[in-house]
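1. got a predicted model here, sequence first, then my questions.
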Amino acid sequence: MEFSWSPEQLQLRQKAKLFSEANLNEDVSQKEQNNLFPLEEWKKCAEFGVLGWPFSKEYGGSGFDPLTTVLMLEGLGYGCKDNGLPFSLNSQLWSTQVAINAFGTEEQKQKYLTRLISGAIGAFGITEEGSGSDTYALEMTAEKVDGGYILNGEKHYITLAPLCEIAVVFATTNIKLAKWGITAFIVDTTMDGFTRSEVRDKVGMRTTPMGNLYLKNCFVPDENRLGREGSGLSLFSSAMESERGYIFASQIGRLEKQLELSIAYANTRMTFGKSIGKNQSISNRIANMRLRLETSKMHLYKVAYLDQHDLPLMKEAAMAKLYISEAFVESSMDFIRIFGAKGVVTEYEVERDLRDGLGGLIYSGTSDIQRNIIAKLDGLL
């Protein structure tokens, strides 16, 4: 695998970094404290093309290959103090949009994918109160009627749900077939019986709205079924490979920023007549941060390489999600320790990374589930 970057790719990363630094850092602390979604910044990202980077120009995208896309997402994360906005963008890119792009009809892509790429907010609804890690134990039903389906049920803990205009949801069309009876649908706010909850408060990623979707006798026409009836399992698995592999691409940029800030502080903070970086306990932490950053890059780039060459990537995507999410928590802990008292005082904007990182151990499949996937593919389970 060749991971050298062309001058054009490096220029695109730098362009994303400069855009992020200049446009995405206004009043981050205030928005984060008040659970405010940065809508204006989201619109700027859409105008900059972020939501279309890996998609065809036919639908308003840029047509970038996976390696170029993740490199640019790194740059976006490096320049943005708010982890929530890049996470929201990645969540929509790699689940809702990927699902419609891969399984949608031409009419669905023209109607919905183009809207999402231009800045409409989309959610990916599979999790229910009783089906988190047990993904396919769904209670939402879809009853076939003339011209479409009647959907009933709730989706919980859904990223972007409180503000979404479009949602891909999964429901059971044939309970006797268990997971083989699950079907995906595209619903939007124009449909009667489709409502959303308020934002649910959480420990981190507070600028990323999370909430519930409610469908009560919601009629969804046949043309909004996504894929064949009963193909929900294949659709979900495909989208999850992308989401697990790429959802923390921007966090790698933040890992790099953490490292740079830590080195600079360790070289200038003086105690006992010398910089704290001269202390082995500090220098070792920074060495570990460097190791996590470089290893995270290798996991991410390998997924993108396999994707770009149409090779299987389920295990590699699980490993990337597992490693990067846990590395971000560990490096955020070191980030706080290096800054000492400043690390736990909110005005210095250091402790936020740790709070934001905790959810990564849960989102898009828990760390335990990722380990199970890896073990199963290695023939152990």
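-> Looks like it arrived, so ask away. Numbering: from 1, shown residues only.
2. now do S131, the pLDDT please.
-> Per-residue pLDDT puts S131 at 84.
3. start and end of stretch 55-68, how far apart?
-> 12 Å (C-alpha to C-alpha, to the nearest Å).
4. kindly report the same for stretch 34-54.
-> End residues of stretch 34-54 are separated by 32 Å (C-alpha to C-alpha).
5. kindly report the same for stretch 136-152.
-> Start-to-end span of stretch 136-152 (C-alpha to C-alpha) is 16 Å.
6. which residues are in contact with it?
-> 126, 128, 130-131, 153-155, 169-173, 175, 178-179, 182-183, 185, 187, 193, 215-222, 224-225, 233 (C-beta atoms under 8 Å, 6 or more residues apart in numbering). All C-beta spots, glycine's among them, are computed from the backbone N, C-alpha and C.
7. let's see which of those residues end up in strands.
-> In strands, defined here by DSSP state E, the members of the contacts of stretch 136-152 are 153-155, 169-172, 182-183, 185, 187, 215-221, 225.
8. now the strands for this structure?
-> Along the chain, the segments classed as strands by DSSP E run 122-125, 141-145, 148-159, 166-172, 182-188, 194-196, 210-221, 225-226, 270-271, 274-275.
9. and S238, what does it touch?
-> V98, A99, A102, F103.
10. ok, and the most crowded of these?
-> The most neighbours of any of these, using other C-beta atoms under 10 Å, belong to A99, which has 26 neighbours.
11. tell me the spacing between D146 and P221.
-> Distance, D146 to P221, using C-beta to C-beta, to the nearest Å: 10 Å.
12. more crowded one of these two?
-> Counted by other C-beta under 10 Å, D146 and P221 do not tie: P221 has more neighbours, with 12 against 5.
13. for that one, give the beta-bridge partners.
-> Residues in a beta bridge with P221, per DSSP bridges, are G148.
14. check it and give its pLDDT.
-> If you check P221, the pLDDT there is 98.
15. can you check the one 5 residues further on too?
-> At L226, the model reports a pLDDT of 98.
16. quick check: closest non-adjacent residue to it.
-> Nearest residue to L226 in three dimensions, chain neighbours excluded: A184, at 4.1 Å (C-beta to C-beta, 6 or more residues apart in numbering).
17. so that neighbour makes contact with G232?
-> Yes. In this structure A184 lies within contact range of G232 using C-beta atoms under 8 Å: 4.7 Å.
18. name the residues contacting each of the two.
-> What both A184 and G232 touch, as defined by C-beta under 8 Å, 6+ apart, is the set F170.
19. for the stretch 51-200 of the chain, just list every one of the helices.
-> Assigned helices in the stretch 51-200 of the chain, in chain order: 66-79, 84-91, 98-103, 106-108, 114-117 (criterion: DSSP state H, counting those that start in this stretch).
20. meant to ask about the stretch 251-381 of the chain
-> Listed in chain order, the helices found in the stretch 251-381 of the chain under DSSP H, counting those that start in this stretch are 280-308, 314-339, 341-344, 352-358, 367-377.
21. deepest of the strands of the chain, which one?
-> Among those, strand 122-125 has the highest mean neighbour count (mean count of other C-beta atoms under 10 Å), at a mean of 28.
22. for it, packing partners?
-> Strand 122-125 is packed against strand 148-159, strand 166-172, with contacts defined by 3 or more C-beta pairs under 8 Å, 6 or more residues apart in numbering; DSSP states H and E.
23. hey, which helix or strand in this structure has the poorest pLDDT?
-> The helix or strand of the chain with the poorest confidence is helix 232-246; it has a mean of 91 (mean pLDDT, DSSP states H and E).
24. quick one: that helix to helix 314-339, angle?
-> Orientation of helix 232-246 against helix 314-339 (axes from the mean of the first three to the mean of the last three C-alpha atoms, to 10 degrees) gives an angle of 40 degrees.
25. now do helix 232-246 against helix 367-377, angle only.
-> For helix 232-246 and helix 367-377, the angle between their directions (the same axes, to 10 degrees) works out to 110 degrees.
26. how distant is helix 232-246 from the center of its chain?
-> Offset of helix 232-246 from its chain centre (C-alpha atoms, centre = their mean, to the nearest Å): 12 Å.
27. mind listing what's buried along it?
-> By neighbour count, with 16 or more other C-beta atoms under 10 Å as the criterion, the buried positions of helix 232-246 are 232-236, 238-246.
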